[in-house]
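A.B. asks: Got a predicted structure here, sequence first:
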Amino acid sequence: MRLLSYFCVGIIFGITVIKSEMASWYRILEMFHFQSFHLIFMITLAIIVALLGVKVVQRFKTIGNKDIIVPQKPEGFIRYPTGGFIFGLGWGTTGLCLGPLFAVVGTGSIGAFIIFLGALHGTWLYGFFRDKIKH
């Protein structure tokens, strides 16, 4: 039953992403050219919701009877700009980040499915080389 609720939320999220044109390459290009601000608003809203969620978890540190441990990440000046650059390069090249990618794959797009396979491959490569990369 719990998995069904996650599935339903995912379906609603996917429909929202497609109908709001968050997965439209043209809308994303307009956002990067500061010609359309609704995507900037939606991204800002997502950041605020995520920030509030993290603050709630840090404050209460439990959900139900389970303790939540949020490990501290080591400080690093290079890691975040480098990761942001790689993410932005992929986003700008394909026009899709991970959330909308799932939604577009769900519409049956072969191109999005190929991009999804590339994302899986990149994740696998990172996991394979993780111990060899300086973090």
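C.D. replies: Yep, it's here. Residues are numbered from 1 along each chain as shown.
A.B. asks: what does the model give A46 for pLDDT?
C.D. replies: pLDDT recorded at A46 is 88.
A.B. asks: Can you name the residues that contact F32?
C.D. replies: The contact partners of F32, taken as CB atoms under 8 Å, 6 or more residues apart in numbering, are G92. Any C-beta I mention is one placed from the backbone N, CA and C, and that applies to glycine too.
A.B. asks: Quick check on it: phi, psi?
C.D. replies: phi -70, psi -20 (degrees, to the nearest 10).
A.B. asks: State the distance from it to W25.
C.D. replies: Separation of F32 from W25 (CB to CB, to the nearest Å) stands at 11 Å.
A.B. asks: for this protein, which spans come out with low pLDDT?
C.D. replies: In the predicted model of the chain, residues 63, 76, 135 satisfy pLDDT under 70.
A.B. asks: for it, which helix is longest?
C.D. replies: helix 38-60 (DSSP state H).
A.B. asks: And the strands in this structure?
C.D. replies: In the chain, the strands defined using DSSP state E lie at 62-63, 66-67.
A.B. asks: which of those strands is buried the deepest?
C.D. replies: strand 62-63 (a mean of 10; mean count of other CB atoms under 10 Å).
A.B. asks: Determine which of the strands of the chain approaches D131 most closely.
C.D. replies: Closest to D131 of those is strand 66-67 (CB to CB; 28.4 Å).
A.B. asks: Can you tell me what sits against the closest one?
C.D. replies: K61.
A.B. asks: Could you spell out the sheet neighbours of that strand, each with its direction?
C.D. replies: Using DSSP bridges, the strands paired with strand 66-67 in its sheet are strand 62-63 (antiparallel).
A.B. asks: and H33, what are its phi and psi?
C.D. replies: Dihedral angles (degrees, to the nearest 10) for H33: phi -90, psi 10.
A.B. asks: Can you tell me how far it is from I40?
C.D. replies: Distance from H33 to I40, by CB to CB: 11 Å.
A.B. asks: The two - which one has more neighbours?
C.D. replies: I40 (12 against 8; other CB atoms under 10 Å).
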